[in-house]
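Engineer: Got a predicted structure here, sequence first:
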Amino acid sequence: MSFNRLYNSKNPAQGMAKRVLCLCSAGLLRSPTLAWVLSNAPYDYNTRAAGVNQEYTLIVVDQYLISWADEIVCVEPAIRDQLVEFCAKEEIDLTDKPMVVLHIPDMYERRAKSLVAMIEKQYEAHVHASTDTK
């Protein structure tokens, strides 16, 4: 099974769109909303959503999702910290993965208008900051 998942993580039929892994604690509310926002215009990224909490996440972040991603977006610093801890434990190298950390608390319903607005504002600020440094 792992060979198939590893192959699929780099399957060229996915197209050329940037692959963005969106992470929150359970992968149920914030990260699916984030993935939805980034999969639409103006970004049109190829996105996946997952959670970092192994106990109650439906789709748990793993080496294959990390391998798949061109960029990882965490909804808050604590999620990034859990990802880094998981990767250290599993000996997964994150050095070549650009990581964006937003500051979105766990208090929103899936696709809530206020959540979508916050994602758009914070991710756009990241995009502008990235282009300003180039």
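Structural biologist: Great, that's in hand. Predicted model only: the values in this text are computed from it and were never measured.

Engineer: now the chain, which segments are flagged as low pLDDT?
Structural biologist: 1-3, 131-134 (pLDDT under 70).

Engineer: hey, where'd the strands end up in this protein?
Structural biologist: Assigned by DSSP state E, the strands in the chain fall at 19-24, 46-51, 71-74, 99-101.

Engineer: mind listing what the closest residue to Val61 other than its chain neighbours touches?
Structural biologist: Spatially, and ignoring its direct neighbours in sequence, Val61 is nearest to Ala50 (4.4 Å; Cβ to Cβ, 6 or more residues apart in numbering). (C-beta placed from N, C-alpha, C; glycine too.) Going by Cβ atoms under 8 Å, 6 or more residues apart in numbering, Ala50 touches 21-23, 27, 31, 57, 59-62, 65.

Engineer: Quick one, which of those are buried?
Structural biologist: Buried by 16 or more other Cβ atoms under 10 Å: 21-23, 27, 31, 57, 60-62, 65, out of the contacts of Ala50.

Engineer: hmm, back to that, any idea how far the residue nearest to Val61 is from Leu58?
Structural biologist: 9 Å (Cβ to Cβ, to the nearest Å).

Engineer: give me every residue that touches the spatially most central residue of the chain.
Structural biologist: Taking Cα atoms, centre = their mean, the centroid of the chain lies closest to Cys22, which sits 1.7 Å from it. For Cys22, the contact set (Cβ under 8 Å, 6+ apart) comprises 31-32, 34-35, 38, 47-50, 73, 75.

Engineer: who wins for most neighbours among these?
Structural biologist: When neighbours are counted by other Cβ atoms under 10 Å, Ser31 leads these with 30 neighbours.

Engineer: Stretch 6-25: end-to-end distance?
Structural biologist: 24 Å (Cα to Cα, to the nearest Å).

Engineer: next one: that stretch to chain centre, how far?
Structural biologist: With Cα atoms, centre = their mean, to the nearest Å as the basis, stretch 6-25 stands 10 Å off its chain's centre.

Engineer: in it, what counts as buried?
Structural biologist: Neighbour-count burial for stretch 6-25 flags 9, 19-25 (criterion: 16+ other Cβ under 10 Å).
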